[in-house]
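1. Provided below are the primary sequence and the corresponding predicted coordinates.
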Amino acid sequence: MITDGTKDQEFLLPASTGFIAFSLFVAVMLNWLPWHGWGLVLRPDFVALVLLYWCTHKPHRVGIGTAWVFGIFADVADASLFGQHALAYSILAFGGIVLHRRVQMFDLRQQSMHVFPMLLLAYAAYAVVHWQVRGYIAWEYFLGSVTSALLWIPMTLLLQALRRPHRDPNEL
Amino acid sequence: MDDTRSIRFFNRGPSPVSRLIFFCVLSLLLLFVDARYKYLESTREVIAVVIYPFQRLTALPGEMMGQISVYFETQNQLLESNAQLRQQHDLDAAQLAQLSAIQAENAQLRTLQELEQRVDYPMQMAEIVYVERDIFKRKLFVNKGSQSNVQAGQVVVDDTGVVGQVTRVYPWLSEVTLVTDKDHAVPIQIQRNGLRAVVFGSGDIGEMSLRYMPVSADLVVGDILVTSGIDGTYPPNLPVAKIARIERDPAYPFSRISCVPLAGVDRHRALLIVSGLPKLPEHPAATEKSAEPVQATRKLRRRKP
């Protein structure tokens, strides 16, 4: 069930750098799929979510610097201004690192309630920059933060499942 | 929580707050430099080349789906579309014959009037690699870049009309801003009576707006807007949009006119990039030339009816 998330200190394999890099790579690929129309409006920001996951679970491995670098790549791929995604992701990573102990105290549903304001803040940072430069805000853009927060639960479950040690079937 | 400790025995580098401040200042600096001075285009190109293979990789599933659906097309469908294309071809050929006669006549008349000859524009085919993933913008990327002599500012058309304008060029890619991008302006003429105006994108896929037209202006629903060619960026007489709705409210000085773009702004895979437009003589007052599409100033936007 949802409630058994990370609360009872289950044993997880130490996350290898390769696994962290691979998860981020998959997230980037998912973000770059040709989304359009309502799919684009409702698309969760996979990179932001995976970055936030690693910032809350391994704050000494993935930090603001990593988030910033991925932000720069996102800026080039999306043809947004240099530093626009980078700023948003840095703020998000900071939130994740500062609240990492607190977030892990809760079960997954409560975690997603914690994650939502952080994502909203990051989305707001992006939108404010756009508003300052181009002079308008598309409000439906913020729907993405809601779907991202909803995706937090399945994504955490998936990543935790991948980090769980494989049980030997011949063992008692 | 396996590697967090309550007492810090080891130096972990600067605190999160100082890191955040450092990276925020760095981002804001980059933002400022990019928005104001546009110094970072070469850096952007380098990173774009690095991430280009991955971007192609993400476009693969869609392309494969397209190819698979072509493979499973039935003979009946092929015959049908073949017949349709043949019919269209006959029609076009008849019109083309007329066109060449008219072109010859036009050339002759222009010589008689001692006017400059209109030239044919070389076009090159480009395929859409992917569409913009940012809902703030109406942009797409095509697979021709500076390696195929595409330049920023060139116009992109399809078989029915203007699609947009090339705004940024990478070695193998170029970024096209669609005519429906918010505040993208295209100088146009009404085909019926030659009235000049400027049509603006609204940020929506299926809508454009004709601003600052007086209530008394001679406009009818269904009027076709074609490029006027006045600014030298767009070649003349390319269809842009059709008037869909006119609201004449006497409370406002301008009527509210919404148009529908004629070109398949969100439909096709293949587009044409128009190049080699004749250079216009220099504007008397030196104006700043920029690759970005013409933007309406904020002052104008506030006066919008």
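-> Arrived safely.
2. would the strand or helix carrying A:Trp131 count as contacting chain B?
-> If you go by DSSP states H and E, A:Trp131 is part of helix A:108-134. Yes - using CB under 8 Å from any CB of the partner chain, helix A:108-134 reaches chain B at A:129-130, A:133-134. Bear in mind the C-beta positions are built from the backbone N, C-alpha and C, glycine included.
3. report the mean confidence score over that helix.
-> Summarised as a single mean, pLDDT over helix A:108-134 is 91.
4. same thing with stretch B:156-173?
-> What stretch B:156-173 shows for mean pLDDT is 86.
5. can you say which of the residues of helix A:108-134 next to chain B are buried?
-> A:129-130 (16 or more other CB atoms under 10 Å in any protein chain shown).
6. closest to B:Val226 among the residues of helix A:108-134 next to chain B?
-> Nearest to B:Val226 out of the residues of helix A:108-134 next to chain B is A:Arg134 (CB to CB; 28.1 Å).
7. surely the closest one and B:His184 touch.
-> No - counting by CB atoms under 8 Å, B:His184 is not a contact partner of A:Arg134; they are 11.6 Å apart.
8. isn't B:Ile230 right next to B:Pro187, touching?
-> Yes - between B:Ile230 and B:Pro187 there is a contact at 5.2 Å, judged by CB under 8 Å.
9. check which helices and strands the lowest-mean-pLDDT helix or strand in chain A is in contact with.
-> Taking all helices and strands of chain A together, the one with the lowest average confidence (mean pLDDT, DSSP states H and E) is helix A:38-42, at a mean of 82. Helix A:38-42 is packed against helix A:143-163, with contacts defined by 3 or more CB pairs under 8 Å, 6 or more residues apart in numbering or on different chains; DSSP states H and E.
10. if you count neighbours, what's buried in the helix it packs on?
-> Neighbour-count burial for helix A:143-163, with 16+ other CB under 10 Å as criterion, is recorded at A:143-145, A:148-149, A:151-153, A:155-156, A:159-160, A:163.
11. in chain A, which residue is most central in space?
-> In chain A, the residue lying closest to the centroid (CA atoms, centre = their mean) is A:Leu49, at 1.2 Å.
12. tell me where the stretch 151-300 of chain B has strands.
-> B:155-157, B:162-169, B:174-178, B:185-190, B:196-201, B:208-214, B:224-227, B:239-247, B:254-261, B:270-274 (DSSP state E, counting those that start in this stretch).
13. which positions in the first one come out as buried?
-> Which is strand B:155-157. B:155-157.
14. again with stretch B:59-67
-> Neighbour-count burial for stretch B:59-67 [16+ other CB under 10 Å]: B:Ala59.
15. one more: stretch A:40-51?
-> For stretch A:40-51, the buried set under the neighbour-count rule, 16+ other CB under 10 Å, comprises A:40-41, A:43-51.
16. now, which of those residues sits nearest A:Ala77?
-> The shortest approach to A:Ala77 among these belongs to A:Val47, at 10.2 Å (CB to CB).
17. low-confidence bits of the chain, can you list those?
-> This is for chain A. Low-confidence segments of chain A, defined by pLDDT under 70: A:1-10, A:168-169, A:171-172.
18. hmm, I had chain B in mind actually
-> For chain B (pLDDT under 70), the answer is B:1-12, B:115-120, B:132-133, B:265-267, B:276-305.
19. next SSE after the helix ranked longest in it?
-> The longest helix of chain B (DSSP state H) is helix B:75-113. Using DSSP H and E, the helix or strand that follows helix B:75-113 towards the C-terminus is strand B:123-131.
20. can you give me the buried ones in that next one?
-> B:123, B:126, B:128-131.
21. so which of these reach chain A?
-> Counting by CB under 8 Å from any CB, the subset of these that neighbours chain A consists of B:130-131.
22. turn the buried residues of strand B:123-131 into CSV, columns for distance to B:Asn143.
-> Formatted as CSV, those follow (distance: CB to CB, whole Å):
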residue, distance to B:Asn143
B:Met123, 15
B:Ala126, 6
B:Ile128, 8
B:Val129, 5
B:Tyr130, 10
B:Val131, 13
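23. ok, the buried residues of strand B:123-131 vs B:Arg196, which is closest?
-> Closest approach to B:Arg196 among those (CB to CB): B:Met123, at 25.4 Å.
24. test my guess that that closest one contacts B:Ile273.
-> Yes - the criterion here is CB under 8 Å, and B:Met123 meets it with B:Ile273 at 6.5 Å.
25. around chain A, pick out the residues from the stretch 101-250 of chain B.
-> Neighbours of chain A within the stretch 101-250 of chain B, by CB under 8 Å from any CB: B:130-137, B:139, B:168, B:175, B:182, B:203.
26. pull out the buried residues from these.
-> The buried subset of these (16+ other CB under 10 Å) comprises B:130-137, B:139, B:168, B:175, B:182, B:203.
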